[in-house]
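Undergrad: Turn this into a model:
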Amino acid sequence: MTSTAAQLARTPYDMIGGAGPIREIVDRFYDLMDADPAYAELRALHAPDLSPMRASLSDFLAAWMGGPRDWFEERPGKCLMSVHKGVTITPETARQWAEAMRRAIEGSSVDPGFGAKFAGALGDLALRMG
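TA: So this is what the prediction gives:
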C-alpha cells in the first residue's frame, strides 16, 4: 500500500490518536459541564456521578470514529437517539452540549485543524437532537 493509500485508510480514531486523546476530551467536557454555570441546564440532565457517562461517551466516540466497537457491542441495536429516549433535549441544552464539547476539544492536545472538524461534526449532531 502506498503511503497516500495508507493515509486515506486511516480512521478518524487513528487520526485523533486513539483512546487517550478521546478520554482527555471527554474528561475536559464533563469537567466544564460540571463546573461552568453556563452549562447548568445541561448538567441538570445528568446524574450526580458523571463517571459512568465519562466512560460511555469515551467508548461511544471511539466507536463512532472507527475505533473499538465496544459501545455498540455492549448495547446491541442501540443508537445515539435510542439511548437518549426520554431525555428532554431542548435547543438550549443541545447548544450547551455543542459549546462545551467545542471548548473541550479546543483545550486538548488534538491537532487544531482536525479538532475543528471534529467539534463541528459533534456540534451538528448535538444540535439535531435539540
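
Undergrad: so where do the helices sit in the chain?
TA: Taking DSSP state H, the helices of the chain run over residues 3-9, 12-16, 19-35, 40-43, 51-64, 70-74, 80-83, 91-106, 112-129.

Undergrad: could you dump the ones you listed to TSV with mean neighbour count?
TA: Where C-beta positions appear, they are placed from N, C-alpha and C, glycine not excepted. Output for those, formatted as TSV (neighbours: other Cβ atoms under 10 Å):
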stretch	mean neighbour count
helix 3-9	9
helix 12-16	18
helix 19-35	19
helix 40-43	16
helix 51-64	17
helix 70-74	14
helix 80-83	11
helix 91-106	19
helix 112-129	15
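
Undergrad: and those as TSV, adding mean pLDDT?
TA: Formatted as TSV, those follow (pLDDT from 0 to 100):
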stretch	mean pLDDT
helix 3-9	56
helix 12-16	95
helix 19-35	97
helix 40-43	96
helix 51-64	96
helix 70-74	93
helix 80-83	82
helix 91-106	96
helix 112-129	94
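
Undergrad: Leaving out chain neighbours, which residue sits closest to the residue nearest the centre of the chain?
TA: In the chain, the residue lying closest to the centroid (Cα atoms, centre = their mean) is L61, at 5.2 Å. Of all residues not flanking L61 in the chain, I22 sits nearest, at 5.1 Å (Cβ to Cβ, 6 or more residues apart in numbering).

Undergrad: for the nearest residue to S109 once chain neighbours are set aside, what are its contacts?
TA: Leaving aside its sequence neighbours, S109 sits nearest to P21 (Cβ to Cβ, 6+ apart; 6.1 Å). Contacts for P21 (Cβ atoms under 8 Å, 6 or more residues apart in numbering) come out as S108, S109, V110.
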